[in-house]
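Novice: need coordinates for the below:
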Amino acid sequence: MTKRLCLGLFFGAFALAGCSDFNPFTDSSMLDGSADRVVVENDPAVLAQRFAPTMVELAVEQTTAQLRGGPAPGDRDGDVFKLFLIATVDPPVVRDITLQATHIVVRGNRVLVSYNVQGPDRAGGADIFDITDPDDVTLVAGAIFTDTDVSALDLHSNTVFLAEATSDGAFSSPATLETLHVREGLTDESRRIDLPSYAGTGVVVQGETVYVTSGDLDGGISAYDRETLELQWFSAIPDARAVDARGATVIVMRGTPGALHVFDGASGSLLRTFETGGANIPESKATVQVARGLAFYAAGDEGLRVVDMDNGTVVANVPVPDIEGLDPEFEVTNAVSLQGNLVFMANGGAGLQVVRANTNVEAGADLAASDLQLQRLGNVIFPDGESANFVGGKGNLAFSATGTGGLHIIKIVHQNQSGGRGGN
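Specialist: Prediction:
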């Protein structure tokens, strides 16, 4: 796998198309209907052919490196953990092209995964998993797109929102936002609207609004009405890579160099900008997740960065592990995911890293930056050397997107050195 999640291929393939004349307030063309470009699959027997249960302990390079602060209060002496690969899911195939997983989002008891394709062709997909029973994860629906890469997605109620890059010449620019509906499975009832620039890079739904980033040239953050997809506001941000929303604010992560832009979600007014660094590799995948007054974002070659949203101070930086024999250009953090007191880092060719905090970093009142303590628990390398492109999790399950290796479903087991097991 390459060090970038092929967003560079999104941009480069359309470099000649140009987007400098795109006006998001006038070029808001919408196309309805699938026109055979969206193919859905809801048959459990067919979907099960892609799903392979297993039970393999993954090799973990255990470490107790303290990254910030003193010993975390309440840590169990000798606490270690094990990761078990409990299932793999083959990625979809379009025109004999194997897609690669690009993004994961957990919404309630549903996990959604998006896919794109390497190279100049455009094709993508989306899967929905049911995790109601964590010991019986089920692939319940899927869709493939014959002309469109999908780089990110979100779910609200029964509507899936997808940030994309399309080869459809009916649009003013390759970047698009698309919706699909869920009714006893996915439907092929599609709506698409134009976005500025070459590719949609991130999307999140908050209340009545959909926020979507696109980039890199002439891109930015766009806000749309969730029901009508009418544009509410737009702000230009070069290399806008990811978006999150908390309360009345929207947070956009920018690359080259890394920065966080904080907007009023209703008006689009820019409230503040924090130049926080990192994310130095152009046209790369990234994520940002804001919780408890802190922003956790994937800073590429500089690992995980944690920022105090009150003042923009970088309060922690977790480097990518240095893997012997691995070219440093493949050691990059593509995504981070908060899961209780655990922070997962998808580190490209360096695999999946787990960091523990001294408190639940996912939910709760704002946390004083000085109270945050982080400890690296360990690093896992996938047996076939797949790149860890994205990660998401809930409970004792973690979901890692491994490019053309598809999706790895991992169970987390805490176990002290005397052999006793603890909860997650």
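
Novice: quick check: which element contains the residue nearest the centre of the chain?
Specialist: In the chain, the residue lying closest to the centroid (CA atoms, centre = their mean) is His103, at 4.2 Å. For His103, the host element (DSSP states H and E) is strand 100-107.

Novice: okay, now the unreliable bits of the protein?
Specialist: Low-confidence segments of the chain, defined by pLDDT under 70: 1-35, 63-81, 381, 385, 415-424.

Novice: ok, back up a step: pull the residues that contact whichever helix or strand comes after the strand holding His103.
Specialist: Going down the chain from strand 100-107, the next helix or strand is strand 110-116, by DSSP H and E. With contact meaning CB atoms under 8 Å, 6 or more residues apart in numbering, strand 110-116 is reached by 6, 10, 89, 91-92, 99-105, 123-131, 137, 149-155, 160, 162, 165, 392, 394, 399, 401, 407. All C-beta spots, glycine's among them, are computed from the backbone N, C-alpha and C.

Novice: who does strand 110-116 pair up with?
Specialist: Within its sheet, and counting by DSSP bridges, strand 110-116 is paired with strand 100-107 (antiparallel), strand 124-130 (antiparallel).

Novice: now these in TSV, with distance to Phe296?
Specialist: Shown next, in TSV, are those (distance: least, CB to CB, whole Å):
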stretch	distance to Phe296
strand 100-107	15
strand 124-130	24
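
Novice: of those, which is nearest Gln289?
Specialist: Nearest to Gln289, of all these, is strand 100-107, at 10.9 Å by CB to CB.

Novice: how about the closest one: buried residues?
Specialist: Going by neighbour count (16 or more other CB atoms under 10 Å), the buried part of strand 100-107 is Gln100, Ala101, Thr102, His103, Ile104, Val105, Val106.

Novice: over to stretch 231-243?
Specialist: Buried residues in stretch 231-243, counted by 16+ other CB under 10 Å: Leu231, Gln232, Trp233, Phe234, Ser235, Ile237, Asp239, Ala240, Arg241, Ala242, Val243.

Novice: ok, now which ones touch the fifth one?
Specialist: Contacts were defined as CB under 8 Å, 6+ apart; by that measure Ser235 touches Gly220, Ile221, His261, Phe263, Gly268, Leu270.

Novice: do I have it right that the fourth one meets Leu270?
Specialist: Yes: Phe263 sits in contact with Leu270 when judged by CB atoms under 8 Å, with a separation of 5.7 Å.

Novice: okay, these two: which has more neighbours?
Specialist: Neighbour tally, Phe263 and Leu270, criterion other CB atoms under 10 Å: the higher count belongs to Phe263, 25 against 14.

Novice: distance of that one from Arg183?
Specialist: 33 Å (CB to CB, to the nearest Å).

Novice: what's the answer for Ser284, then?
Specialist: 36 Å.

Novice: which residue ranges of the protein form helices?
Specialist: Using DSSP state H, the helices of the chain run over 7-13, 44-48.

Novice: follow-up on the earlier one: tell me the one among the buried residues of stretch 231-243 nearest to Ala357.
Specialist: Closest approach to Ala357 among the buried residues of stretch 231-243 (CB to CB): Ala242, at 20.9 Å.

Novice: so what's that closest one bridging to?
Specialist: For Ala242, the beta-bridge partners are Met253 (DSSP bridges).

Novice: surely it meets Ala295?
Specialist: No: between Ala242 and Ala295 there is no contact under CB under 8 Å: 10.4 Å.

Novice: now do the shared contacts for the two.
Specialist: Common neighbours of Ala242 and Ala295 (CB under 8 Å, 6+ apart) are Met253, Val288.

Novice: any idea how far Ile144 lies from Gly108?
Specialist: 24 Å.

Novice: between these two, point out the one with more neighbours.
Specialist: Comparing Ile144 with Gly108 by other CB under 10 Å, the one with more neighbours is Ile144, at 22 against 9.

Novice: ok, that one touching Asp127?
Specialist: No: proximity of Ile144 to Asp127 does not meet the contact threshold set by CB under 8 Å, at 9.8 Å.

Novice: what touches both of these two?
Specialist: Taking CB under 8 Å, 6+ apart as the contact rule, Ile144 and Asp127 both touch Pro92.

Novice: ok so, going back, now distance to Asp188 too, for the contacts of Ser235, in JSON lines please.
Specialist: Putting the contacts of Ser235 into JSON lines (distance: CB to CB, whole Å) gives the following:
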{"residue": "Gly220", "distance to Asp188": "30"}
{"residue": "Ile221", "distance to Asp188": "29"}
{"residue": "His261", "distance to Asp188": "35"}
{"residue": "Phe263", "distance to Asp188": "34"}
{"residue": "Gly268", "distance to Asp188": "33"}
{"residue": "Leu270", "distance to Asp188": "38"}
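
Novice: between those, which is nearest Pro328?
Specialist: Among those, His261 lies closest to Pro328 (CB to CB), at 29.0 Å.

Novice: ok, the residue nearest to Ala245 when sequence neighbours are not counted - how many residues close by?
Specialist: Leaving aside its sequence neighbours, Ala245 sits nearest to Gln206 (CB to CB, 6 or more residues apart in numbering; 3.6 Å). Counted with other CB under 10 Å, residues neighbouring Gln206 total 20.

Novice: begin at 59 from now on, thanks
Specialist: Got it, the first residue is 59 from now on, which makes the last one we talked about Gln264.

Novice: and the closest residue to Ser280 other than its chain neighbours, how far from Val320?
Specialist: The shortest distance from Ser280 to any non-neighbouring residue, by CB to CB, 6+ apart, is to Phe292 (4.9 Å). Phe292 is 16 Å from Val320, where distance means CB to CB.

Novice: what residues does Val195 make contact with?
Specialist: Listed by CB under 8 Å, 6+ apart, the contact partners of Val195 are Ile144, Ala145, Val169, Phe187, Asp188, Ile189, Leu455, Ile467.

Novice: from what I can see the first one touches Glu115, true?
Specialist: No: counting by CB under 8 Å, Ile144 sits too far from Glu115 to count as a contact (10.5 Å).

Novice: looking at these two, which has the bigger crowd around it?
Specialist: Per other CB under 10 Å, whichever of Ile144 and Glu115 has more neighbours is Ile144, with 17 against 11.

Novice: coming back round to it: the buried residues of stretch 289-301 in strands, which ones?
Specialist: Judged by DSSP state E, the subset of these located in strands is Leu289, Gln290, Trp291, Phe292, Ser293, Ala298, Arg299, Ala300, Val301.
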